[in-house]
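Undergrad: Just need the structure, nothing else, for what follows:
(one chain, ligands or ions: 3)
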Amino acid sequence: MIAEPDGPEDRLRRFATIWSRAVFPVTSTPLTRPEFEEQLLPLARRLSEALRARTFDAEAAKAVGAALVDAHCTDPDALSHSLDCVDAYLVLYCGEDGPQEDLRTRCSRLQHAMAAGYAQALRERTLAEQEAIAQAALKAQGVVAQALHASEARFRAVFEGAAIGIGIADLDGNVLQVNGALMRMFGGGEQAVRGRNVREWTHADDAPQVWRLYEELVRGDREHYHVEKAFCRPDGTVLWTNLTVSLLRDADGNPQYQLALMEDTTERRLLNLRLRYEATHDALTGLPNRTLFFERLEKVLSAGENQRFGLCYLDLDGFKTINDSLGHAAGDRLLVEVADRLQSCATAPGEMVARLGGDEFVALTTGSDTRREVDELAARIMNALVAPVRIDGRELTVRGSIGIVEGPAGERSPAEVLRSADITMYRAKSAGGNRFELADPEADARAITRHGLTTSLPAALERGEFFIEYQPLVHLGDSSVRGAEALVRWLHPQHGVLGPDRFIPLAEHTGLIVPLGRWVLEQSVRQAREWRERNGDTSPLRINVNLSPCQLNHPGLVQDTVDILERAGVEPEALCLEVTESALIGADDDLLKPLRRLAEMGIDIALDDFGTGYSNLANLRRLPVSVLKLDRSFTQSMQQFPADPVDLKIVEGIVSLAHSLDLAVTVEGVETGAQAEQLRILGCDTAQGWYYARPGPPDRLHELALVDATG
Ligand code: C2E
Ligand code: CA
Ligand code: CA
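TA: Ligands and ions are numbered 1, 2, ... in the order given. Okay, the predicted model is just below:
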């Protein structure tokens, strides 16, 4: 029989079983092992979900840690066994379909959070216990004095039986009594504690309030206090405790003794330190990882005035090739070697090196003169990479690209700084690599806006942030306005009005150009109808609309255009679609088919920017175009006087060829009357340019056309 493959539910159950077996022996739960497993199952499920959740959720893992305390897993071994189990099996049983490296990182963060939740719950529970003991002690207050000497039975039982350390001292600090648990915490020897004075137990890590609270208590100004405190054991090691000290008063209410309750937190602290280290260091190279680096950068960036920072963002050139050709093991060893070399470059105080992931490293320097230092740091790093790395008897050459960001604290967030460094690093890479570049706020801004614009384009269309300006097309013979070209703009909430050159390429890249282009067509056609209604039939204005190559390829083009015209009640003759020359170069019949269909219906097709590509003039015959739009560059060359005779000849030649093919010629970019006159003489039909009008709102065009018709 072939075993059924396990489903996720089976694997989760298996994980819970392993976990319960590991922890059950060290719990003090009244449950049986299978019952205990049932109790762990929902916790396992939470961990499994947190492992695969899209964003890291520390709370879930903390809750699991706390639930362990509730489930009577208060023995320190219960936590460490649980963590070992999570470490070894969680990814294995619950993380089947994710990228392993990410899951491992996530898993160690979960362990950290779990331990934190456990520690906190345990601490709260211990506090509650301490409180109860203190209450018991206080209740016995009347007899405490005797108890110290005459062994009051109940107090003695609490005192000796307690799992936490209990000690009693007089108000001068002389230790009178300690229980066994407290003695064991200090290493066993009675002489280590009894007969000593409390004030001797100072420790370098004492928080400032520790001794202030103590003085208040022994003066009788305070009933109790709670602190975290370290003690030196006789053998030189450190004991960390949660310490609660209460004041005991005599029957008349006068302060008489102090009662200390202490819980040993050394193990938990070490565990936390270890987990913290693991969560903040890269397992492969031992360097600080992204988390720690961000913490550090954040601190540096929020430092006061006159503080500056310098950051080198290094990415190895061609690392992927090494990894792919020599294998991951070799790649890993290379990274370790690089990490070592980097570390030796940043040894001064205020300097730090970290690995962000993959083959990306950062080096940070701080202080007041980072402008010079960061350059030197980058140079040291480049230098450190020069010597080849020997792996498996091969000499590998390592190269890297560095993006440098330097500046004052307090202006940017860590994410902004890192993004700037990243962009700059890419600039170094695209300049050929093996070099460093300094961040340039302008280049950054361009790249950042580019990215931002791309992501906000779709919403912009929905929110109606686009609008259209119209630029008149003027007949060169009689200077009448014959129509207008629709030019789209984006009123961006932050950047103001953006021209099409800023976003059309992005819209083409993302495909948004199709709905955007449809919208432009719809608006422009509607506008054309409005002009026609207002102008009457005396001078029917036509509308030119630009089409992107993507729109040409879109199967809905013909139908959409027909629908739009019909809905607006505008005849096809009123519309001219402008297509760039480059979009049609090498176009086969399939691509031309929709254009041909549109042309057959009576829509004009204009070849835009003519003369900028390398069109084969003979090719023109094949295309369904009826208008040539001569590129601005021809007009520009007529700016000087007298115009270049060769240019004039070229334009003349194009015009006569166009006319012989029955194509009308429109010229763009006419800025002066002299140009207009020259182009008229050369035989051009229509002109467009600032000389007549800049692109503007639709009403302006209406006025121009009216002036024209009446004047
Ligand atoms: P284009 O089709 O060549 O449009 C003419 C461009 O020349 C416009 O720039 C216009 O403002 C500018 N211009 C007009 N007269 C003069 C002049 O006398 N001197 C100078 N120096 N420039 C002049 P704009 O509006 O920035 O448009 C740039 C390009 O964006 C357009 O070039 C067109 O290719 C594209 N575009 C504009 N709107 C759309 C649209 O709705 N869809 C598509 N696909 N592309 C569009
Ligand atoms: Ca155009
Ligand atoms: Ca053009």
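Undergrad: how far out from the middle of the chain is stretch 549-560?
TA: Centroid separation for stretch 549-560 versus its chain: 36 Å, with C-alpha atoms, centre = their mean, to the nearest Å.
Undergrad: hmm, it touching ligand 1?
TA: No: interface with ligand 1: stretch 549-560 contributes nothing (C-beta under 6 Å from any ligand atom), its closest point being 6.9 Å away. Bear in mind the C-beta positions are built from the backbone N, C-alpha and C, glycine included.
Undergrad: CA atoms only for that stretch, dumped as CSV, please.
TA: Taking C-alpha atoms only, stretch 549-560 is exported to CSV below (Å, rounded to 0.1, in the frame of the first residue of the first chain):
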residue,chain,number,x,y,z
PRO,A,549,2.2,51.9,-30.1
CYS,A,550,0.6,49.8,-27.3
GLN,A,551,-2.8,51.1,-28.3
LEU,A,552,-2.1,50.1,-31.9
ASN,A,553,-1.6,46.5,-30.7
HIS,A,554,-4.6,46.5,-28.6
PRO,A,555,-7.4,44.4,-30.1
GLY,A,556,-10.1,46.8,-28.9
LEU,A,557,-8.8,49.8,-30.8
VAL,A,558,-11.2,49.8,-33.7
GLN,A,559,-14.3,49.0,-31.7
ASP,A,560,-13.5,51.5,-29.0
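Undergrad: What are the buried residues along that stretch?
TA: Using 16 or more other C-beta atoms under 10 Å as the test for burial, stretch 549-560 gives P549, C550, Q551, L552, H554, L557, V558, D560.
Undergrad: Ok, stretch 585-594 next?
TA: A587, L592, P594.
Undergrad: tell me the average confidence for it?
TA: Mean per-residue pLDDT for stretch 585-594: 82.
Undergrad: circling back: got a markdown table for the buried residues of stretch 549-560, with distance to ligand 2, secondary structure and pLDDT too?
TA: Shown next, in a markdown table, are those (distance: C-beta to the ion, whole Å; DSSP: H, G, I helix; E, B strand; the rest coil; pLDDT from 0 to 100):
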| residue | distance to ligand 2 | secondary structure | pLDDT |
| --- | --- | --- | --- |
| P549 | 13 | helix | 89 |
| C550 | 16 | helix | 89 |
| Q551 | 13 | helix | 93 |
| L552 | 14 | helix | 90 |
| H554 | 18 | coil | 90 |
| L557 | 17 | helix | 95 |
| V558 | 20 | helix | 95 |
| D560 | 19 | helix | 95 |
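Undergrad: could you pick out which of those residues are near ligand 3?
TA: When C-beta under 5 Å from the ion is applied, no member of the buried residues of stretch 549-560 is adjacent to ligand 3.
Undergrad: from those residues, which single one is nearest ligand 3?
TA: P549 (14.3 Å; C-beta to the ion).
Undergrad: for the closest residue to that closest one other than its chain neighbours, what are its contacts?
TA: Leaving aside its sequence neighbours, P549 sits nearest to A583 (C-beta to C-beta, 6 or more residues apart in numbering; 4.0 Å). Neighbouring residues of A583 by C-beta atoms under 8 Å, 6 or more residues apart in numbering: L547, S548, P549, L552.
Undergrad: The third one is in contact with E508, isn't it?
TA: Meaning P549. Yes: with contact defined as C-beta atoms under 8 Å, P549 and E508 form a contacting pair (7.3 Å).
Undergrad: Number of residues surrounding the nearest residue to P515 once chain neighbours are set aside?
TA: Spatial nearest neighbour of P515, excluding adjacent residues (C-beta to C-beta, 6+ apart): L461 at 6.2 Å. Using other C-beta atoms under 10 Å as the criterion, L461 is surrounded by 16 other residues.
Undergrad: ok but the residue nearest to P549 is inside a strand, no?
TA: No: per DSSP: H, G, I helix; E, B strand; the rest coil, A583 lies outside any strand segment and is helix.
Undergrad: can I assume S413 is in contact with S302?
TA: No: between S413 and S302 there is no contact under C-beta under 8 Å: 9.5 Å.
Undergrad: The residue nearest in space to the middle of the chain: helix or strand, and which one exactly?
TA: Residue closest to the mean C-alpha point of the chain, counted by C-alpha atoms, centre = their mean, is A415 at 7.2 Å. Here A415, judged by DSSP states H and E, is contained in helix 414-430.
Undergrad: and that helix, what does it pack onto?
TA: helix 290-301, strand 308-316, strand 400-408, strand 435-438, helix 441-462 (3 or more C-beta pairs under 8 Å, 6 or more residues apart in numbering; DSSP states H and E).
Undergrad: Contacts for the helix or strand in which E38 is found next, please.
TA: With elements taken from DSSP H and E, the one containing E38 is helix 33-52. Contacting residues not belonging to helix 33-52 are listed as 12-13, 15-17, 19-21, 23-24, 27, 29, 31, 56-57, 60-61, 63-64, 67-68, 71, 86, 90-91, 93-95, 98, 103, 106-107, 110, 114 [C-beta under 8 Å, 6+ apart].
Undergrad: Mind doing that once more with 6 Å?
TA: If you take C-beta atoms under 6 Å, 6 or more residues apart in numbering as the criterion, helix 33-52 is touched by 12, 15-17, 19-20, 24, 29, 57, 60-61, 64, 67, 71, 90, 94-95, 106, 110.
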